[in-house]
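**Q** sharing a sequence plus its predicted fold:
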Amino acid sequence: MNIFTMGGPGLENEEHAGRGATPAAVCSRKACRAEATWQLLWNNPRIHTPERRKVWLSCGEHREWLEDYLQTRGLWKETVPFAKTTDPGGAR
C-alpha cells in the first residue's frame, strides 16, 4: 500500500493504481471529473523561472473559468489542446 492507494478524496481512479494502466486525464476544476481536452500553461513569476510551465488540464466547460482565474492573477501563459498519447514511451 502507498499514499496513492490508501483512498480518500480525489482518488476516483484508484483501481488503476499499481496495475500499469493510466487513468483518464481529468479537468483541474474542483469537483469536475470530465475528461480533459485543454492544457492551460502557466507559471508564477515570483517563484518560477520564465521558461518553466506548470499545467492545469481543463474540459471544454471549464476552460474559460480556469483561464480567467490564471489571467486575473498574472499567471496564465498559453492554452493548447490536450492530446492524450496512447504510447507512454513516445514515438521512436
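**A** Now that the structure is in, tell me what you want to look at.
**Q** helices of the protein, residue ranges please.
**A** Under the criterion DSSP state H, the chain contains helices at 63-72.
**Q** low-confidence stretches in it?
**A** Along the chain, the model assigns pLDDT under 70 to residues 1-21, 85-92.
**Q** where exactly do the strands run in it?
**A** Secondary structure of the chain (DSSP state E): strands located at 38-42, 54-58, 76-81.
**Q** now those strands in CSV, with mean neighbour count and distance to residue 28?
**A** Bear in mind the C-beta positions are built from the backbone N, C-alpha and C, glycine included. Converted to CSV, the strands of the chain look like this (neighbours: other Cβ atoms under 10 Å; distance: least, Cβ to Cβ, whole Å):
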stretch, mean neighbour count, distance to residue 28
strand 38-42, 21, 8
strand 54-58, 19, 4
strand 76-81, 13, 12
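**Q** what's the closest of the ones you listed to residue 48?
**A** Set against residue 48 and scored by Cβ to Cβ, the strands of the chain come closest in strand 54-58, at 7.3 Å.
**Q** who wins for proximity to residue 22 among the strands of the chain?
**A** Of those, nearest to residue 22 by Cβ to Cβ is strand 54-58, at 13.5 Å.
**Q** show residues contacting that closest one.
**A** Outside strand 54-58, the residues that touch it by Cβ atoms under 8 Å, 6 or more residues apart in numbering are 25-29, 36-44, 48, 66, 70, 79, 82.
**Q** tell me what angle that strand forms with strand 38-42.
**A** 150 degrees (axes from the mean of the first three to the mean of the last three Cα atoms, to 10 degrees).
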